[in-house]
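1. I would like to see how this sequence folds:
(chains A and B)
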Amino acid sequence: QKEVEQNSGPLSVPEGAIASLNCTYSDRGSQSFFWYRQYSGKSPELIMSIYSNGDKEDGRFTAQLNKASQYVSLLIRDSQPSDSATYLCAVNIYGNNRLAFGKGNQVVVIP
Amino acid sequence: GAVVSQHPSRVICKSGTSVKIECRSLDFQATTMFWYRQFPKQSLMLMATSNEGSKATYEQGVEKDKFLINHASLTLSTLTVTSAHPEDSSFYICSARDSGNGNEKLFFGSGTQLSVL
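-> Numbering: from 1, shown residues only, chains lettered A, B, ... in the order given. Predicted structure coming up:
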């Protein structure tokens, strides 16, 4: 089992809709979870961090964490074409900020 | 916000040559920096943890003699790809955490696209 898994294929959503991304992780002791956005050919950009069970909202983004089920999700409300990117789930499973990344989910927002 | 500068952004080299990539924290001190590699349409893979004033810690399967890491100051880490081969062609990204800040956020450099001919 991979440490961080993002299994969904490319996600196409119409402009204004909600994009939903999921991520599961293997280490039950993980405490820190992050969502990064990466445009093609660019480095990742942190958009959300979450440490406690439940929801965390920041603008149009909502991260949801369920440690019992070992998953973390990201919702993008009112999707915009500029949200088109690859979204990487990252989990601090090694401690000391050594992050393990999922393979990413590509999101395409259709105008 | 914190800025991490990575240079060069793109390099093309001949097989057998060595390439040095620099990673600088511009407005904070970083006792620890991380080097990742990303192949096309793949995720970031942690290569090594760079520790200021001590040896780097390499992940399993990463050759320390091929990927030389030096972290001589609190603001600079370098990765040298020695005797590069075409299979080393990849996107290399560094990241750093603000040592003086209690949060766990990592800041990424802009990445270096290495192409070995």
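2. counting neighbours, what do you get for the residue nearest to residue B:109 when sequence neighbours are not counted?
-> Once flanking residues are discounted, residue B:109 sits nearest to residue B:6: 2.9 Å by CB to CB, 6 or more residues apart in numbering or on different chains. For the C-beta atoms, the positions are set from N, CA and C on the backbone; glycine is no exception. Per other CB atoms under 10 Å in any protein chain shown, the neighbour tally for residue B:6 reads 21.
3. check which helix or strand covers residue B:6.
-> Taking DSSP states H and E as the criterion, residue B:6 maps to strand B:4-7.
4. low pLDDT regions in chain A?
-> Counting by pLDDT under 70, chain A shows low-confidence ranges at A:1, A:94-97.
5. for chain B, which residues are neighbours of chain A?
-> Within chain B, the positions lying close to chain A (CB under 8 Å from any CB of the partner chain) are B:6, B:32, B:34, B:36, B:42-46, B:49, B:91, B:93, B:97, B:104-111, B:113.
6. which ones are touching residue B:48?
-> Each residue near residue B:48 by CB atoms under 8 Å, 6 or more residues apart in numbering or on different chains is listed here: B:34, B:35, B:56, B:57, B:58, B:59, B:62, B:64, B:67, B:69.
7. who does the first one bridge with?
-> Beta-bridge partners for residue B:34, by DSSP bridges, are residue B:49, residue B:95.
8. next one: whichever helix or strand residue B:20 is part of to chain centre, how far?
-> Using DSSP H and E, residue B:20 sits in strand B:19-25. Relative to its chain's centre, strand B:19-25 lies at 7 Å (CA atoms, centre = their mean, to the nearest Å).
9. quick check: mean pLDDT of it?
-> The pLDDT scores in strand B:19-25 average 96.
10. can you show me the CA trace of that strand as PDB?
-> Provided in PDB are the C-alpha atoms of strand B:19-25 (Å, rounded to 0.1, in the frame of the first residue of the first chain):
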ATOM      1  CA  VAL B  19      25.100  19.900 -12.500                       C
ATOM      2  CA  LYS B  20      24.700  22.000  -9.300                       C
ATOM      3  CA  ILE B  21      21.300  23.300  -8.200                       C
ATOM      4  CA  GLU B  22      21.100  25.900  -5.500                       C
ATOM      5  CA  CYS B  23      18.300  26.400  -3.000                       C
ATOM      6  CA  ARG B  24      18.200  29.600  -0.900                       C
ATOM      7  CA  SER B  25      15.800  30.700   1.800                       C
END
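11. how many neighbours does residue A:80 have?
-> Using other CB under 10 Å, residue A:80 has 12 neighbouring residues.
12. what's the spacing between it and residue A:110?
-> Remark: distance between residue A:80 and residue A:110 (CB to CB, to the nearest Å) = 11 Å.
13. please identify every residue contacting each of these two.
-> Common neighbours of residue A:80 and residue A:110, using CB under 8 Å, 6+ apart, are residue A:15.
14. show me what the helix or strand of chain B with the lowest mean pLDDT is packed against.
-> Using mean pLDDT, DSSP states H and E, the weakest-scoring helix or strand in chain B turns out to be strand B:106-108, at a mean of 86. In terms of contacts (3 or more CB pairs under 8 Å, 6 or more residues apart in numbering or on different chains; DSSP states H and E), strand B:106-108 is packed against strand A:45-50, strand B:90-97.
15. pull the CA atoms of the very next helix or strand once past it into PDB?
-> As assigned by DSSP H and E, the chain's next helix or strand after strand B:106-108 is strand B:112-116. Extracted C-alpha coordinates of strand B:112-116, given in PDB (Å, rounded to 0.1, in the frame of the first residue of the first chain):
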ATOM      1  CA  THR B 112      14.800  23.000 -11.800                       C
ATOM      2  CA  GLN B 113      14.100  21.200 -15.000                       C
ATOM      3  CA  LEU B 114      17.100  19.100 -15.800                       C
ATOM      4  CA  SER B 115      17.500  17.600 -19.200                       C
ATOM      5  CA  VAL B 116      20.500  15.300 -19.800                       C
END
